[in-house]
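Enquirer: The amino acid sequence is not available; the structure is as follows:
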């Protein structure tokens, strides 16, 4: 964790030097996430990707001759911290804030930011509670109510009628929301088993009780390290169910903490390891040049800034409303794949099934329709 923090500070210093030598005032972009506690590395990944995008855009001349400047704040993952961080950014004059680390924190920030007439762009919040709203909120991740239908169809096609969901309540805006949406479409027995990785560190042992229901498959709605630990414990206890996870677990931390036990685990994600989309391949090359390991988090950070920059190119007046309108029409401008938002600022993302092979590498298995 200390090494990652040092890398992040180094990048922040280096990228700040990349402002072009023009005297025009920069476009200010806020960035607010939790850099404190067990999930801090996820926020660091997103930040590093965002900083890399700022560097690249400024090196190319900025936007309309103006550089971008990313103002980074630690929201500490608390209600008070989120409010303090976001209000400070708003006071500094940002028109858009990239945040927050997960759905839970984003739902706290949503009324704070939008009520101040500032655009909130989320690369992480999938909650259906914010779907279909005409407001100052847009996102570049996928949406729970959309992917739940596809996941339910997949399980049905595999003949899975007894499914267990292990649900991390520390990010309930994502996990419970996805579970509730899945429950609407799943044909069969769908049992929840609740843990909280933030407040109860005994979860790897207590989760052994989950298999008493005799599931055909277990769906982990848990973060990378927790998913790795849980898979290890369940395999050691003799569980023979099929294991599935989500994009939340799609980092190298899953393999680092899960080891050989995660071989065979499958993940539902919009990040395709065989992705040949040219902007994505270019991003991979750039992130490797910095010495960082490419993953979904830094890709989302890079994409968020690149997407905002595309919108800034189109606005005549720099207002949150004008920027949102520009983003709604910034079709096919994604970094991970071609990205377009609907009239409410909700994206459509392709859904892929990714597996971990015997070499402990993530490989594309199929697209989920």
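Expert: Cool, got the structure. Remember, it's a predicted structure, so these values are computed and weren't measured experimentally.

Enquirer: CA only for contacts and neighbour counts going forward, please
Expert: Noted.

Enquirer: Are we agreed that residue 181 is in a helix?
Expert: Yes: under DSSP: H, G, I helix; E, B strand; the rest coil, residue 181 sits within a helix.

Enquirer: That one and residue 146: what is the separation?
Expert: Taking CA to CA, to the nearest Å as the measure, residue 181 falls 9 Å from residue 146.

Enquirer: So for those two, which residues contact both of them?
Expert: Common contact partners of residue 181 and residue 146 (CA atoms under 8 Å, 6 or more residues apart in numbering): none.

Enquirer: quick one: pLDDT of the residue nearest the centre of the chain?
Expert: Nearest to the mean C-alpha position of the chain, counting by CA atoms, centre = their mean, stands residue 124 at 3.5 Å. For residue 124, the pLDDT comes out at 91.

Enquirer: got it, and residue 10?
Expert: Residue 10 carries a pLDDT value of 50.

Enquirer: Could you check how many residues crowd around the residue lying closest to residue 355 once chain neighbours are set aside?
Expert: Nearest non-adjacent residue to residue 355, counting by CA to CA, 6 or more residues apart in numbering: residue 266, 4.3 Å away. Around residue 266 there are 24 other residues, counting by other CA atoms under 10 Å.

Enquirer: Can you find the helix or strand in this structure with the smallest mean pLDDT?
Expert: Scoring the helices and strands of the chain by mean pLDDT, DSSP states H and E places helix 2-16 at the bottom, with a mean of 49.

Enquirer: Quick one: residues in contact with the helix or strand just after that one.
Expert: Sequence order places strand 27-33 as the next helix or strand after helix 2-16, per DSSP states H and E. For strand 27-33, the external contacting residues (CA under 8 Å, 6+ apart) are 43, 47, 66-77, 82, 85-86, 89, 93-101.

Enquirer: Buried members of those residues into ChimeraX, please.
Expert: In ChimeraX, the members of the contacts of strand 27-33 classed as buried (16 or more other CA atoms under 10 Å) are selected with the following command:
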select :43,47,66,67,68,69,70,71,72,73,74,75,76,77,82,85,86,89,94,95,96,97,98,99,100,101
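
Enquirer: Which members of the contacts of strand 27-33 are positioned in helices?
Expert: If you go by DSSP state H, those have 43, 47, 82, 85-86, 89 in helices.

Enquirer: Which of the residues you listed lies at the shortest distance from residue 235?
Expert: Closest to residue 235 out of the ones in helices among the contacts of strand 27-33 is residue 43 (29.9 Å), distances taken as CA to CA.

Enquirer: Domain map for this structure?
Expert: 2-142+276-328, 144-269+351-368 (automatic domain parsing).

Enquirer: what's the least confident stretch among the ones you listed?
Expert: Here the domains of the chain differ in mean pLDDT, and the lowest is domain 2-142+276-328 at a mean of 88.

Enquirer: related to what we said a few turns ago, now the ones in helices among the contacts of strand 27-33 as TSV including distance to residue 274?
Expert: Below are the ones in helices among the contacts of strand 27-33 laid out as TSV (distance: CA to CA, whole Å):
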residue	distance to residue 274
43	25
47	24
82	36
85	37
86	37
89	38
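
Enquirer: Please, where are all the strands along this structure?
Expert: 27-33, 68-74, 96-98, 119-122, 137-139, 162-168, 189-195, 217-221, 242-246, 266-269, 351-356, 362-368 (DSSP state E).

Enquirer: Which one of those lies nearest to residue 154?
Expert: For residue 154, the closest of these is strand 362-368, at 7.0 Å, according to CA to CA.

Enquirer: Could you list the paired strands of the closest one along with their orientation?
Expert: Within its sheet, strand 362-368 is paired with strand 351-356 (antiparallel), according to DSSP bridges.

Enquirer: what's the strand it pairs with in contact with?
Expert: Contacts of strand 351-356 (CA under 8 Å, 6+ apart): 147, 262-273, 362-369.

Enquirer: next one: stretch 263-275
Expert: 142, 151, 242-247, 249-250, 281, 296, 336, 349-358, 360, 362-364.

Enquirer: distance between it and the chain's centre?
Expert: Stretch 263-275 has its C-alpha centroid displaced from the chain centroid by 14 Å (CA atoms, centre = their mean, to the nearest Å).

Enquirer: tell me how far the ends of that stretch are from each other?
Expert: 21 Å.

Enquirer: Stretch 311-323: which residues count as buried?
Expert: The neighbour-count check on stretch 311-323 (16+ other CA under 10 Å) flags 311-312, 314-315, 319-323 as buried.

Enquirer: Just name the closest of those to residue 119, please.
Expert: So of the buried residues of stretch 311-323, ranked by how close each gets to residue 119 (CA to CA), first place is residue 320, at 5.3 Å.

Enquirer: quick revisit: from the buried residues of stretch 311-323, which ones fall inside helices?
Expert: For those, the ones inside helices are 311-312, 314, 320-323, with DSSP H as the criterion.

Enquirer: ok so, going back, relative to residue 340, which of the domains of the chain is closest?
Expert: domain 2-142+276-328 (7.1 Å).

Enquirer: Give me the contact list for stretch 336-343.
Expert: Residues contacting stretch 336-343 (CA under 8 Å, 6+ apart): 134, 140, 271, 277, 279-280, 299-300, 303, 327-334, 347-349.

Enquirer: Could you double-check that the residue nearest to the centre of the chain lies in contact with residue 102?
Expert: Yes: using CA atoms under 8 Å, residue 124 is in contact with residue 102, at 5.4 Å.

Enquirer: And residue 258, how close does it get to residue 45?
Expert: 20 Å.

Enquirer: correction: residue 134
Expert: The gap separating residue 134 from residue 45 is 30 Å, by CA to CA.
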